[in-house]
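[1] Here is my input, please return the structure:
(2 chains)
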Amino acid sequence: QKEVEQDPGPLSVPEGAIVSLNCTYSNSAFQYFMWYRQYSRKGPELLMYTYSSGNKEDGRFTAQVDKSSKYISLFIRDSQPSDSATYLCAMSASGTYKYIFGTGTRLKVLA
Amino acid sequence: DAEITQSPRHKITETGRQVTLACHQTWNHNNMFWYRQDLGHGLRLIHYSYGVQDTNKGEVSDGYSVSRSNTEDLPLTLESAASSQTSVYFCASSTGVEAFFGQGTRLTVV
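    Residues are numbered from 1 along each chain as shown, chains lettered A, B, ... in the order given. All right, here's what the predicted structure looks like:
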């Protein structure tokens, strides 16, 4: 079993929809939870990160962490065609800067 | 502006050849990483370094090596290229949680 599981998609939604992207993990030592966005043939770029449990909001993006369920989510409100990309979750334990990545979910927002 | 650059962007090499991929960052970050990205596997850590003269193996380090002689560079060497090493390689650097990635090197081993 992989330490981090993520549905690869693809996920297609109409413009303006709310998108929910999720990851599950097995390592209870993970404390930092990150979401990266990767456009085709580009390097990943950090969208946002959360330390431990709770929610974090940044514009149209909200990250949630439920450590009791070992489950993290990224919500995108009012999705736009420019949000079409692969979204990767990543996690690391305290005291280490190594990130374990999910496989990524391909998202397509249709105009 | 500070940045992280990888070279070459594309490379085709033959099985058995030694190949070195370059990674250079101008942020003065202590932490540097090499990942490979393959369909169905996401990003997998090959090697990483927390500073000059420090190198560590990641989860898929067999057949790869790195050296860190200065803060800016972490070259990745494939000792004897194999077809299974055909992949897209990403270098990243960080001071903490936020890692900055290069644009990637697409390597094909024929």
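[2] make it CA atoms for all contacts and neighbour counts henceforth
    Noted.
[3] what ranges do the strands span in the chain?
    By default, I'm working from chain A. With DSSP state E as the criterion, chain A has strands at A:4-6, A:11-14, A:19-25, A:30-38, A:45-51, A:54-58, A:61-66, A:71-76, A:85-93, A:100-101, A:105-110.
[4] Let me rephrase: I mean chain B.
    Going by DSSP E, chain B shows strands at B:4-7, B:10-13, B:19-25, B:31-38, B:42-51, B:54-57, B:64-66, B:76-78, B:87-94, B:99-101, B:105-109.
[5] Using CSV, lay out those strands together with mean neighbour count, distance to chain A and mean pLDDT.
    Formatted as CSV, those follow (neighbours: other CA atoms under 10 Å in any protein chain shown; distance: least, CA to the nearest CA, whole Å; pLDDT from 0 to 100):
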stretch, mean neighbour count, distance to chain A, mean pLDDT
strand B:4-7, 20, 11, 96
strand B:10-13, 14, 11, 97
strand B:19-25, 20, 13, 98
strand B:31-38, 23, 8, 96
strand B:42-51, 22, 4, 94
strand B:54-57, 15, 11, 96
strand B:64-66, 19, 16, 98
strand B:76-78, 19, 17, 98
strand B:87-94, 25, 7, 96
strand B:99-101, 23, 6, 93
strand B:105-109, 20, 9, 97
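[6] my read: residue B:53 touches residue B:68, true?
    Yes - applying CA atoms under 8 Å, one finds residue B:53 in contact with residue B:68, separated by 5.2 Å.
[7] neighbour-wise, which of these two wins?
    residue B:68 (19 against 11; other CA atoms under 10 Å in any protein chain shown).
[8] ok, now how distant is the more buried one from chain A?
    Taking CA to the nearest CA, to the nearest Å as the measure, residue B:68 falls 17 Å from chain A.
[9] State the number of residues packed around the closest residue to residue A:18 other than its chain neighbours.
    Nearest non-adjacent residue to residue A:18, counting by CA to CA, 6 or more residues apart in numbering or on different chains: residue A:77, 4.6 Å away. Residues lying near residue A:77 (other CA under 10 Å) number 16.
[10] Name the residues of chain A found near chain B, please.
    Taking CA under 8 Å from any CA of the partner chain as the contact definition, chain A meets chain B at A:8, A:32, A:41-46, A:97-104.
[11] from these, which would you call buried?
    Listed as buried from the residues of chain A next to chain B are A:8, A:32, A:43-46, A:97-104; burial here means 16 or more other CA atoms under 10 Å in any protein chain shown.
[12] what's the closest of those to chain B?
    Relative to chain B, the closest of those is residue A:103; by CA to the nearest CA it sits at 3.7 Å.
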